[in-house]
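Undergrad: Coordinates for the following, if possible.
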Amino acid sequence: MKMSHVGIMVGDMDKAVEFYTQALGLEIVMGKSAVIEEKQTAIGRMCIAVFGEGFKGFNIAHLVTSDGIGFELFEMKDREQRHHVDFTKIGIFHYSLETDDFEGVIERVEKFGGKVRMDIMRYHPEDDNKPYKMVYLEDPFGNLFELYSHTYSETYSSEYT
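TA: Down below sits the predicted model:
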């Protein structure tokens, strides 16, 4: 099994594309495109099946990470402006990215309207040979994501214990 893509609801498509490309370094596959509610095409019928009748349309953009994972950004016509995570509810509450430019990404996240949610954490502060770091961040719309300095496997290997 491989990861294909993640879908993220945003409050302003232009700002979202700027954030995800400029702060996080994703590349545009398909820029901002309007989708309307209609039943004549397969895409139209699929959107009704997913969002329900009366969803009023949305803008969508498709971006991709350097390792080929897709990011679908959705700007619904009828929406709230910020995501409010409810940690008491079941469901996905964040995604995670890995970078070689850990501090640079954090600076760009803040520069382009995101937020740092915590102090940077080192998994092995006692061992300079294991400089694995992580931090929780937000995009400009309140969507949470984690930033890792090393791979998932390196960070959580049996050496972690």
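
Undergrad: lowest average confidence, helix or strand, in this structure?
TA: Among the helices and strands of the chain, helix 152-155 carries the lowest confidence by mean pLDDT, DSSP states H and E, at a mean of 88.

Undergrad: List the buried residues in the helix or strand containing I106.
TA: Secondary structure from DSSP states H and E places I106 in helix 102-111. Buried residues in helix 102-111, counting neighbours by 16 or more other C-beta atoms under 10 Å, are found at F102, V105, I106, R108, V109. (Glycine included, C-beta is placed from N, CA and C.)

Undergrad: other SSEs contacting it?
TA: If you count contacts as 3 or more C-beta pairs under 8 Å, 6 or more residues apart in numbering; DSSP states H and E, helix 102-111 packs onto strand 115-116, strand 133-138, strand 144-148.

Undergrad: what residues are up against the nearest residue to V116 once chain neighbours are set aside?
TA: Spatial nearest neighbour of V116, chain neighbours left out: L137 (5.8 Å); criterion: C-beta to C-beta, 6 or more residues apart in numbering. Applying C-beta atoms under 8 Å, 6 or more residues apart in numbering, we find L137 in contact with I106, V109, G114, K115, V116, R117, L144, F145, E146, L147.

Undergrad: Tell me, what's the model's pLDDT at the fifth one?
TA: The one in question is V116. At V116, the pLDDT value in this model is 98.

Undergrad: Just list the residues touching it, thanks.
TA: With C-beta under 8 Å, 6+ apart, V116 has these contacts: I106, V109, E110, V135, Y136, L137.

Undergrad: Which elements pack onto the longest strand anywhere in the chain?
TA: If you go by DSSP state E, the chain has its longest strand at strand 27-35. If contacts are counted by 3+ C-beta pairs under 8 Å, 6+ apart, strand 27-35 sits against helix 13-18, helix 42-51, strand 58-64.

Undergrad: Going by neighbour count, list what's buried in the next helix or strand after the last one.
TA: Meaning strand 58-64. Downstream of strand 58-64, the next assigned helix or strand under DSSP H and E is strand 70-76. Buried residues in strand 70-76, defined by neighbour count with 16+ other C-beta under 10 Å: F71, L73, F74, E75, M76.
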